[in-house]
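Peer 1: how would this look folded up:
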Amino acid sequence: MEPPRVAMLGGTFDPVHLGHLRSAVELLEALRLDRVHMVPAKVPPLRGTPQVTPEERLALLRLGIGDTPGLVADPRELERDGPSYSADTLASLREEYGRQARLVMALGHDAFLRLADWHSPQRLFQLAHLVVIERPGSDAPLPSALAKLVEGREVAGPEALMRYPAGGLLRLALPTRMAVSATEVRRRLASDRSVRYLLPEAVEARIHSNLLYRCR
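Peer 2: So this is what the prediction gives:
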């Protein structure tokens with residue numbers, strides 16, 4: 001029996017949009033994963049405070065995922081005190097799935113460029129593989145601290161990555177690359193402009209019914 005293949009896709013999801021969800025589905029397919037845990041951050045250490053409560057962002061995420069096979073709205077960072085450190089979340093997932101599970105942390109290219117500034121960045125590789133979801137034009141040289149951190153870790157494809165439980169780095173170009181921005185969604189909502197086809201219908205309906213992201 002093959003070890004489970006599991007990914008963590010964290011973020012503020014402020015709010016979750018179709019770009020987040022499509023990326024999760026394509027990640028599931030590209031790496032032949034059993035499950036993608038989408039984990040809203042309670043207190044993101046390197047970002048400003050999200051506009052709505054963690055509980056509301058989780059509720060929106062659950063609505064967005066609906067019954068999509070393989071995607072899970074994971075509340076574990078909301079259940080911990082203090083900042084939402086990815087290393088702690090990965091440690092929890094590693095304990096849940098076991099030492100031989102192929103555990104992946106997926107992140108976007110912009111977040112990857114700041115990885116050396118994260119809490120315990122070396123520990124991330126001890127617990128999981130990192131998969132960087134690339135965007136067009138993202139081939140500039142890495143900052144020196146990041147280059148040193150990832151030296152010797154990069155592999156050429158998913159199967160090479162999955163030979164081991166953790167420790168590798170894969171840059172992955174997903175097929176769709178939907179250019180949806182949560183910042184732009186919030187701007188549109190604040191100015192009462194349409195967000196149709198940027199959000200799942202159930203997410204849009206809850207945002208409107210609860211008057212979320214309106215100018216205060």
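Peer 1: mean confidence score for stretch 83-98?
Peer 2: For stretch 83-98, the mean per-residue pLDDT is 95.
Peer 1: Now do the strands in the chain.
Peer 2: Assigned by DSSP state E, the chain shows strands spanning 5-11, 35-40, 71-73, 102-108, 129-133, 169-172.
Peer 1: what about residue 161, distance to residue 90?
Peer 2: For residue 161, the distance to residue 90 (CB to CB, to the nearest Å) stands at 15 Å. Every C-beta, even on glycine, is put in place using the N, C-alpha and C of the backbone.
Peer 1: Switch the strands of the chain over to JSON lines; also include mean neighbour count, mean pLDDT and distance to residue 209.
Peer 2: Output for the strands of the chain, formatted as JSON lines (neighbours: other CB atoms under 10 Å; pLDDT from 0 to 100; distance: least, CB to CB, whole Å):
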{"stretch": "strand 5-11", "mean neighbour count": "22", "mean pLDDT": "97", "distance to residue 209": "23"}
{"stretch": "strand 35-40", "mean neighbour count": "24", "mean pLDDT": "98", "distance to residue 209": "20"}
{"stretch": "strand 71-73", "mean neighbour count": "19", "mean pLDDT": "98", "distance to residue 209": "19"}
{"stretch": "strand 102-108", "mean neighbour count": "23", "mean pLDDT": "97", "distance to residue 209": "30"}
{"stretch": "strand 129-133", "mean neighbour count": "24", "mean pLDDT": "97", "distance to residue 209": "32"}
{"stretch": "strand 169-172", "mean neighbour count": "19", "mean pLDDT": "97", "distance to residue 209": "36"}
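Peer 1: among those strands, which is nearest residue 28?
Peer 2: With CB to CB as the criterion, residue 28 lies closest to strand 35-40 of the strands of the chain, at 5.3 Å.
Peer 1: That closest one: how far from the chain's middle?
Peer 2: 7 Å (CA atoms, centre = their mean, to the nearest Å).
Peer 1: Report all helices and strands that that strand contacts.
Peer 2: strand 5-11, helix 18-30, helix 54-65, strand 71-73 (3 or more CB pairs under 8 Å, 6 or more residues apart in numbering; DSSP states H and E).
Peer 1: Mean neighbour count, the ones you listed: which tops it?
Peer 2: strand 5-11 (a mean of 22; mean count of other CB atoms under 10 Å).
Peer 1: re the thing from before, nearest to residue 181, out of the helices and strands packed on strand 35-40?
Peer 2: The nearest among the helices and strands packed on strand 35-40, by CB to CB, is helix 18-30 at 7.8 Å.
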